[in-house]
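> Provided below are the primary sequence and the corresponding predicted coordinates.
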Amino acid sequence: MVGHYFDFDLITHFRRAILMSGVLSGLNAWVLQRASAVYLLLFALIMPGYILYLDIDSFNVWHAFIASPIISISWILFFVSLFAHAWVGIRDVVIDYVHSFRIRLFILSMIAVYLIAMMIWVVRILFIPTGVIA
Amino acid sequence: MEKQKRPVFLNLWQIRFPITAIMSIMHRLSGVVLFLAIPLFIYALQQSLQSEAGFQAAIHYADSVIIKVGLLIFAWSLLHHLLAGVRYLLLDVDFGIERTQARFSAWSVIILTLILLLIFAGLFL
């Protein structure tokens, strides 16, 4: 296996850069998955409970709730954690079932673009009530 | 890589999985369901924040039977993934790593998920 890395070509380069090392794989991915899991867990316990406790039943109250600084920031952090967590999880699934490296690279690239697009969508949604985006 | 010559037996209908393996499969399955639900969730959030009418539509989603079923699948996936995830975090720090304990916690996750799902369905569906 190790010798394989020494034949340099573009695909091997991608393999090393994107899948086998780098920011979002290996031990870093493992840590990222656990750290994001803890935030997602806390958010899933606290946020729905808090919303139910406040008994939000009108659009204006809901809009003002989401627009408040701490709530909007905690929602943005939730989505950042969610997308990081989803990336690591889906990446593991794709690596397990898609063995052709080129197809794997293609699928993972599509998923990365998809998740980045989702993040931009979320930022637009959450920043409109706060007035950051008109 | 050298081609594997050893015999491979992967008949999923004949392999008997221990509960901990089933746990692992369900964690992955629920994770994929949640991944697929992401855009639906964001869409609901967007609609609820767009206008009064959108907000009213969003809080009445569960009036539709199809969405009820969807919410049930989503809720099961979320509850299972969350509880199984806590179990894995505890296993990561070597808590409950013994086989009998790991099997007990696996069953606990499955049963607790179903109890919480019933409570969710009773309250919101």
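Noted; the coordinates are in hand.

> Which residue ranges of chain A form helices?
Ranges of helices in chain A, per DSSP state H, are A:10-14, A:26-54, A:59-67, A:69-97, A:101-130.

> Briefly note if the third one comes near chain B.
What it means is helix A:59-67. Yes - using CB under 8 Å from any CB of the partner chain, helix A:59-67 reaches chain B at A:59, A:62, A:63, A:66. All C-beta spots, glycine's among them, are computed from the backbone N, C-alpha and C.

> Do you know the pLDDT at the first one?
Put plainly, it is residue A:59. pLDDT, residue A:59: 94.

> Can you name the residue of chain B nearest to chain A?
residue B:55 (3.8 Å; CB to the nearest CB).

> My guess is that residue contacts residue A:66. True?
No - between residue B:55 and residue A:66 there is no contact under CB atoms under 8 Å: 11.0 Å.

> so what's in contact with these two at the same time?
Residues touching both residue B:55 and residue A:66 (CB atoms under 8 Å, 6 or more residues apart in numbering or on different chains): residue B:49.

> So residue B:34 sits against residue B:81, correct?
Yes - counting by CB under 8 Å, residue B:34 sits close enough to residue B:81 to count as a contact (6.0 Å).

> Mind checking which of these two has more residues around it?
Just comparing residue B:34 and residue B:81: by other CB atoms under 10 Å in any protein chain shown the higher neighbour count belongs to residue B:81, 24 against 20.

> ok, residue A:31 - how many residues close by?
11.

> Could you list which residues are in contact with the residue nearest to the spatial centre of chain B?
What sits nearest the mean C-alpha location of chain B, by CA atoms, centre = their mean, is residue B:77, with 2.4 Å. Contact analysis of residue B:77 by CB under 8 Å, 6+ apart lists B:29, B:30, B:31, B:33, B:34, B:37.

> rerun at 7 Å
Contact partners of residue B:77, counting by CB atoms under 7 Å, 6 or more residues apart in numbering or on different chains, are B:30, B:33, B:34.

> Kindly indicate which of those lies nearest residue A:55.
Of all those, residue A:55 sits closest to residue B:34, with 26.8 Å by CB to CB.

> what about residue 91, neighbour count?
In the absence of a named chain, this looks at chain A. 21.

> um, chain B though
15.

> which of the residues of helix A:59-67 next to chain B are buried?
Among these, the ones that count as buried by 16 or more other CB atoms under 10 Å in any protein chain shown are A:59, A:62, A:63, A:66.

> what sits against the first one?
Think residue A:59. Residue A:59 sits in contact with B:51, B:52, B:55, where contact means CB under 7 Å, 6+ apart.

> one more time with 8 Å, if that's ok
B:48, B:51, B:52, B:54, B:55, B:56.

> which one is the second one nearest to, not counting chain neighbours?
The spatially closest residue to residue B:51, leaving aside those adjacent along the chain, is residue A:59, at 7.0 Å (CB to CB, 6 or more residues apart in numbering or on different chains).

> What separation do you get for the one you found and residue B:48?
Counting by CB to CB, to the nearest Å, the gap from residue A:59 to residue B:48 is 8 Å.

> shared neighbours, the two?
B:54, B:55.

> the inter-axis angle of the helix or strand in which residue B:118 is found versus helix A:26-54?
Using DSSP states H and E, residue B:118 sits in helix B:99-124. If you take axes from the mean of the first three to the mean of the last three CA atoms, to 10 degrees, helix B:99-124 sits at 40 degrees to helix A:26-54.
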